[in-house]
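Student: My questions are about this predicted structure, shown below with the sequence.
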Amino acid sequence: MQKHLLRLPQVQQIVGLSRSEIYRLISIGRFPRPVPLGERVVAWDSDEISEWVQSRIAARIEPVRKAACITDASVTQSGARKTVR
């Protein structure tokens, strides 16, 4: 697959976040850093943005998996259910 560089408006459209939120997430290390193209021009690697989107989808699914594990753990070895409060 060919790599593409995305400018900020394209990134905003793909991830659904505002400019300020994207830069806030970059500052705390939770969003891919842009690639400098010039003195005042940056872009993002399309693969990194796709990976970030996939990680957000996986993070949404993960709590469901954890909840299933908790439910399974609420059954004792004898097969009786524990009361979970």
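Tutor: Great, that's in hand.
Student: quick one: the helices in the protein?
Tutor: 8-15, 19-27, 46-73 (DSSP state H).
Student: So for the second one, mean pLDDT?
Tutor: Confidence over helix 19-27 (mean pLDDT, whole number) is 98.
Student: got the CA positions of it in PDB?
Tutor: What follows is helix 19-27, C-alpha atoms only, in PDB (Å, rounded to 0.1, in the frame of the first residue of the first chain):
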ATOM      1  CA  ARG A  19      -7.600  21.200  15.600                       C
ATOM      2  CA  SER A  20      -7.200  22.100  19.200                       C
ATOM      3  CA  GLU A  21      -8.100  18.600  20.400                       C
ATOM      4  CA  ILE A  22      -5.700  17.000  18.000                       C
ATOM      5  CA  TYR A  23      -2.800  19.200  19.200                       C
ATOM      6  CA  ARG A  24      -3.800  18.600  22.800                       C
ATOM      7  CA  LEU A  25      -3.600  14.800  22.300                       C
ATOM      8  CA  ILE A  26      -0.200  15.200  20.500                       C
ATOM      9  CA  SER A  27       1.100  17.200  23.500                       C
END
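Student: Check which helices and strands that helix is in contact with.
Tutor: Other helices and strands packing on helix 19-27, by 3 or more C-beta pairs under 8 Å, 6 or more residues apart in numbering; DSSP states H and E, are helix 8-15. Where C-beta positions appear, they are placed from N, C-alpha and C, glycine not excepted.
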